[in-house]
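Q: mind looking at a prediction? Sequence and model below.
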Amino acid sequence: MYRLTIALLAAFDAVIAAVVGLAASLAPLTLLWVFGFDGLPDLGTLWPAAGTVWQLGHLVPLAITLPPEYVAVTGIDPAAASFPLSLAPLAFAVFTAAFAARSGRRAADAGSGLVGAAVGGIVFAGIATLVAVSARTEVAVADPALAILLPSLVFAVPALGGAVAGQWDDADAGPVAAVRDRLERARAEEAVRATAAGLAVIAAGLVGLGGLVVTAAVVAGMGEVISLTQAAGVDLIGSVVLALGSFLYLPTLWGWGVAFVAGPGFTLGEGTAIAPGGTDAGVVPGIPLLGLLPSATSPWLLLLALLPVGVGALAGLIVRRRLRDGAVADVPLTPRAIIAGVLGLLAAGFGALLAVVTSGGMGPGRFERVGPEPGPLALSLGLEVLVGAAILLLSPRALDDEAAEAYRGEYREEAQAVYREETPTAFGDDLPDADGETEDLSSLAPATPAATPAPSDPADDVTEDLSDLREPGGEDPPR
């Protein structure tokens, strides 16, 4: 496929990703306007609000300043009228990142992954610039540079990752293929693939654990969520908007669940803690989604920290099997120890990134900083995954001996097949296998025909019976 075509398709993917996100933020606001004010929507008001929500969903922090009229009517303390809002509804960023990774991989399959990722990132940055210029409000103000840079990174980094992954597998030329070939010559390419597989297992496993925690919280706290929704006194449209907002923040709670399983937990501001070792949430705002937070915990929940260890052990098992399949023989201890350390560092980096994107400000006062802390979460996840991976990667050779035995079995079957083709009449002999032992193959030998007697001398065939010429009591006649 021509590079121009690939670039156009990548640009189209970037436009689709941006339009879907903007529509997802604009549609609920339009419904709220239509059914709440009984009139046609005012795009001059709705578009800046939708663009601001889209920016917040792509990790752009906002500075909120409530109008003086609203402060006077509601009786809010003027000191609390200005606060940062940076706790992102991650559903927007998750969708954009997933769509971008798919776009980059598709461009790589077409033959120009890096070109497609670059064009898609540039187009998405252009759309982010248009949103930053046109969607300005006096209530929520975003830094112009961050409003362009952060959404662009949310699209460009996954697109580049998808392109590199696709070209690593299939490309015959280019910088990615050159790096791969150099690693192959250094006999390190299989180790890179195995480490990447281990990282994928760690990320999927930790996200799955966070999902289990959120599911358990929904089952246990749904009654509290319903009570808080009813206490808000909203109508049907308001309930729908609250439900959509809760859905947009569901991935954020997912990250909080990972922090809870790992041990450090998260906070709802200064002086609070929600962790397996203890919970002190203080005064919780009447937001329905916060009804999922536990009011108390048990010390037995500290055993949840064993789950990330299990994820690390699973990743170590996958890595060791991949190394074994690639090299057949046992991999030395030092490379395995290095890979275990790399997996621990990658898990720590994953935890730090997760804490950064799932934390921020959600209101004035102590709510200017909520969510998990990057340092404790990175340290906990790194150590837990490292312990689990080291158990499997640094264990004795029993696992490798098992694989070697399976390999010897395959080698023995192949050798027997070749032996039967080349020496079909020698099945009575014993064929040595890979262990140095012999295997009796006489039962597999075809039946051999009966031996044919060798022809005798013609002179021996002419015989004469002279017994009747002998006289009784006499001697044998002369011959």
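A: The structure has been received and is ready for your questions.
Q: the stretch 1-150 of the chain: strands as residue ranges?
A: With strands called from DSSP state E, counting those that start in this stretch, the stretch 1-150 of the chain shows them at 62-65, 82-85, 140-142.
Q: what ranges of this protein fall below the confidence cut-off?
A: 1, 36-43, 169-174, 176-177, 180-181, 183-189, 325-331, 397-479 (pLDDT under 70).
Q: longest single helix anywhere in it?
A: Secondary structure of the chain per DSSP state H: the longest helix is helix 189-231.
Q: C-terminal to it, what's the next element?
A: Sequence-wise, the next helix or strand downstream of helix 189-231 (DSSP states H and E) is helix 236-248.
Q: what does that next one contact?
A: Helix 236-248 has contacts (CB atoms under 8 Å, 6 or more residues apart in numbering) with 28, 31-32, 35-36, 57, 89-92, 229, 232, 234, 288-289. To be clear about C-beta, it is placed using only N, CA and C from the backbone, and glycine gets the same treatment.
Q: quick one: which of these is nearest to Arg322?
A: Closest approach between the contacts of helix 236-248 and Arg322, by CB to CB: Leu90, at 31.4 Å.
Q: follow-up on the earlier one: buried deepest among the strands of the stretch 1-150 of the chain, which one?
A: strand 140-142 (a mean of 19; mean count of other CB atoms under 10 Å).
Q: helices or strands up against it?
A: Other helices and strands packing on strand 140-142, by 3 or more CB pairs under 8 Å, 6 or more residues apart in numbering; DSSP states H and E, are helix 43-57, strand 62-65.
Q: please repeat the previous calculation with a cut-off of 10 Å.
A: helix 43-57, strand 62-65, helix 144-170 (3 or more CB pairs under 10 Å, 6 or more residues apart in numbering; DSSP states H and E).
Q: how many residues are close by Pro332?
A: Using other CB atoms under 10 Å, Pro332 has 9 other residues around it.
Q: distance to Leu386 added to the strands of the stretch 1-150 of the chain, as TSV?
A: Below are the strands of the stretch 1-150 of the chain laid out as TSV (distance: least, CB to CB, whole Å):
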stretch	distance to Leu386
strand 62-65	37
strand 82-85	35
strand 140-142	39
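Q: quick one: which of those strands is nearest Leu307?
A: The closest of the strands of the stretch 1-150 of the chain to Leu307 is strand 82-85. By CB to CB, the value is 32.6 Å.
Q: tell me which strands and helices that closest one is in contact with?
A: When contacts are defined as 3+ CB pairs under 10 Å, 6+ apart, strand 82-85 sits against strand 62-65.
Q: pairing partners for the strand it packs on, with directions?
A: Sheet pairing for strand 62-65, assigned by DSSP bridges, gives strand 82-85 (antiparallel), strand 140-142 (antiparallel).
Q: among these, which comes closest to Val207?
A: Nearest of the strands paired with strand 62-65 to Val207, taken as CB to CB: strand 82-85 at 25.4 Å.
Q: now do the same contact list for Leu393.
A: 194, 198, 312-313, 315-317, 319-320, 323, 331, 333, 335-341, 343, 386 (CB atoms under 10 Å, 6 or more residues apart in numbering).
Q: so how far is Gly111 from Val384?
A: In this structure residue 384 is Glu, not Val. Distance from Glu384 to Gly111, counting by CB to CB, to the nearest Å: 41 Å.
Q: can you check Gly388 too?
A: Going from Gly388 to Gly111 by CB to CB gives 39 Å.
Q: so those two - more neighbours on which side?
A: In this view Gly388 and Gly111 are compared by other CB under 10 Å, and Gly388 has more residues nearby, 28 against 19.
Q: next up, the contacts around the closest residue to Pro84 other than its chain neighbours.
A: Once flanking residues are discounted, Pro84 sits nearest to Gly361: 4.0 Å by CB to CB, 6 or more residues apart in numbering. Applying CB under 10 Å, 6+ apart, one finds that Gly361 lies in contact with 61-64, 83-87, 269, 367-371.
Q: picking up where we left off before, distance to Asp13 for the strands paired with strand 62-65 - can I get that in JSON lines?
A: Shown next, in JSON lines, are these (distance: least, CB to CB, whole Å):
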{"stretch": "strand 82-85", "distance to Asp13": "30"}
{"stretch": "strand 140-142", "distance to Asp13": "25"}
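Q: how about these, which one is nearest Gly257?
A: strand 82-85 (22.3 Å).
Q: got the CA coordinates for the closest one in PDB?
A: Written as PDB, here are the backbone C-alpha positions of strand 82-85 (Å, rounded to 0.1, in the frame of the first residue of the first chain):
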ATOM      1  CA  SER A  82     -11.700  28.600  43.200                       C
ATOM      2  CA  PHE A  83     -10.000  25.200  43.100                       C
ATOM      3  CA  PRO A  84      -8.200  22.900  40.700                       C
ATOM      4  CA  LEU A  85     -10.000  20.100  38.900                       C
END
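Q: name the residues that touch it?
A: Strand 82-85 is contacted from outside by 52, 56, 61-66, 140, 142, 360-365, 367-369, using CB under 10 Å, 6+ apart.
Q: again, 7 Å this time
A: Strand 82-85 is contacted by residues Leu56, Pro61, Leu62, Ala63, Ile64, Thr65, Gly361, Met362, Gly363, Pro364, Glu368 when judged by CB atoms under 7 Å, 6 or more residues apart in numbering.
Q: fine by me, we can end here.
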